[in-house]
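Student: dropping a prediction and its sequence here:
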Amino acid sequence: MGRLKVSGIAGRFGARYGSSLRKKWREIAERRYADTVCPFCKAKVTMKRISVGIWQCPKCGTIFAGGAYTPRTEVGSPKAP
């Protein structure tokens, strides 16, 4: 038997739903579950999503607003001087 291609986090869908939709979902899921820096305690952790746009830091417990799929967005991030 040949070796199967590793499809990452979207591998649970198998051959269903089409390749382009699985790729789009994989990009969103990887950004959602990536380690991010907490804006309050500065810890690099995986944030917990409470609901759409509401995130919680598991270390300090602070609840803050962010994007629907990512804790930090380009629009909401402070500009560097």
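Tutor: The structure has been received and is ready for your questions.
Student: ok, Arg31 - contacts?
Tutor: Taking CB atoms under 8 Å, 6 or more residues apart in numbering, we find Arg31 in contact with 69-70. Yep, even glycine has a C-beta here, placed from its N, CA and C like the rest.
Student: surely Lys44 touches Cys57?
Tutor: No - the pair Lys44 and Cys57 does not pass the contact test of CB atoms under 8 Å, sitting 10.6 Å apart.
Student: most centrally placed residue in the protein?
Tutor: Note on the chain: the residue nearest the mean C-alpha position is Arg32, at 0.7 Å, using CA atoms, centre = their mean.
Student: related to what we said a few turns ago, tell me which of Lys44 and Cys57 has more neighbours.
Tutor: More neighbours surround Cys57 than the other of Lys44 and Cys57, with 21 against 9 (other CB atoms under 10 Å).
Student: contacts only, for that one.
Tutor: Neighbour list for Cys57: 38, 40-41, 43, 45, 47-48, 64 [criterion: CB under 8 Å, 6+ apart].
Student: mind redoing it with 10 Å?
Tutor: 36-41, 43, 45-48, 63-64, 71 (CB atoms under 10 Å, 6 or more residues apart in numbering).
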